[in-house]
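Student: give me a 3D structure for the following:
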Amino acid sequence: MERTRNLQGLTPERNLSGWINGFIGVVIFSGSLPATRVAVLEFDPVFLTVARAAIAGLIAVAMLGLLKAKRPERRQLLPLLIVALGVVVGFPLLTALALQHVTSAHSIVFLGMLPLATAAFGVLRGGEHPRPAFWLFSILGSALVVGFAVSQGLTASPEGDILMFLAILACGLGYAEGARLSRTLGGWQVISWALVLSLPVMAVLAWFCAPASFAGISPPAWLSLGYVSLFSMLIGFVFWYRGLAQGGIAAVGQLQLLQPFMGLALAASLLHETVSLGMFAVTGAVILCVVAAKKFAR
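Tutor: Predicted coordinates:
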């Protein structure tokens, strides 16, 4: 027991701090899809993606400089690039494109697959060998989400559902890689350096993709851009990766299961979108499958 505790570096104080930081991160992330939904009504999805990354990247440069963070080693550059492709570019772009076709309430159901995707990529990257029951619940959870999409009528927006599914895969890979890297590089440094690596390309693209005029952009759209840039792209990850490092990836990662419920509540209260009982039922069922799958992940 003592050996396990020392290997993980966990103490009751660090464990509690990890849960608190992880919970704050999940609360912040739960507002991402509703805010993105508001923003894409007036901003082009590609511009929104590169602009939020560029804004967060500039803030990350300032943070790393002021706090005199140590530069990553050469062997850490490839994992940082994977994190950047997954959570800085992939997930924001794919969700922004998807939310042109589906409501944020519909897209939030797909978040029920995010802990599963993170666990699956953790298995692949970590070389673990989960028990057969893990894959059983994984397939069941995925089937529930696909079944929900079919029940809503794929002819209505197959593009939105496919884009959300790809977004979950990209985010799961970015979460798993970032969580693994945070053990050696540090929690907030992971997302900061990933943003810095992306900044040159994102800044140039933001300049070229900017609309001819910002005169018609409403305050809610500007606030949404500010939220996804500052909170979803940077601050949320500072708390999230810190929580994973302090409390353990498997334990704190389960807090993601709260995100669909928080997101549905925001979509209903702030955007006045219809949240059906079917959405809650499917989200709850997927979460139960993810909980069961995590139990058999090792």
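
Student: isn't Ala53 right up against Gly90?
Tutor: No - assessed by Cβ atoms under 8 Å, Ala53 is found out of contact with Gly90, at 10.9 Å. All C-beta spots, glycine's among them, are computed from the backbone N, C-alpha and C.

Student: these two: which is more packed in?
Tutor: Using other Cβ atoms under 10 Å as the criterion, Ala53 and Gly90 rank with Ala53 on top: 30 against 20.

Student: next, give phi and psi for Gly174.
Tutor: Main-chain torsions, Gly174, degrees, to the nearest 10: phi -70, psi -40.

Student: and the residue nearest to Val291 when sequence neighbours are not counted, what does it touch?
Tutor: What sits nearest to Val291 in space, not counting adjacent residues and going by Cβ to Cβ, 6 or more residues apart in numbering, is Leu257, at 6.8 Å. The contact partners of Leu257, by Cβ atoms under 8 Å, 6 or more residues apart in numbering, come to 112, 115, 287, 290-291.

Student: one more time with 10 Å, if that's ok
Tutor: Residues near Leu257 by Cβ atoms under 10 Å, 6 or more residues apart in numbering: 26, 111-112, 114-115, 283-284, 286-288, 290-291, 294.

Student: mind checking the SS state of Trp240?
Tutor: When classified by DSSP: H, G, I helix; E, B strand; the rest coil, Trp240 comes out as helix.

Student: for the residue nearest to it when sequence neighbours are not counted, helix, strand, or coil?
Tutor: Using Cβ to Cβ, 6+ apart and skipping residues adjacent in sequence, the residue nearest Trp240 is Gly25, 3.2 Å away. Put simply, Gly25 is helix when judged by three-state DSSP.

Student: burial of Gly25, as a residue count?
Tutor: Number of residues near Gly25 (other Cβ under 10 Å) recorded here: 26.

Student: circling back: farthest-separated two in the contacts of Leu257?
Tutor: Maximum pairwise distance in these, criterion Cβ to Cβ, is 18.0 Å, between Val26 and Leu288.

Student: quick one: which of the two has more around it?
Tutor: Counted by other Cβ under 10 Å, Val26 and Leu288 do not tie: Val26 has more neighbours, with 21 against 16.

Student: OK, contacts around the closest residue to Gly90 other than its chain neighbours?
Tutor: For Gly90, ignoring the flanking residues on the chain, the nearest one in space by Cβ to Cβ, 6+ apart is Ala170 at 3.1 Å. Going by Cβ under 10 Å, 6+ apart, Ala170 touches 85-87, 89-95, 117.
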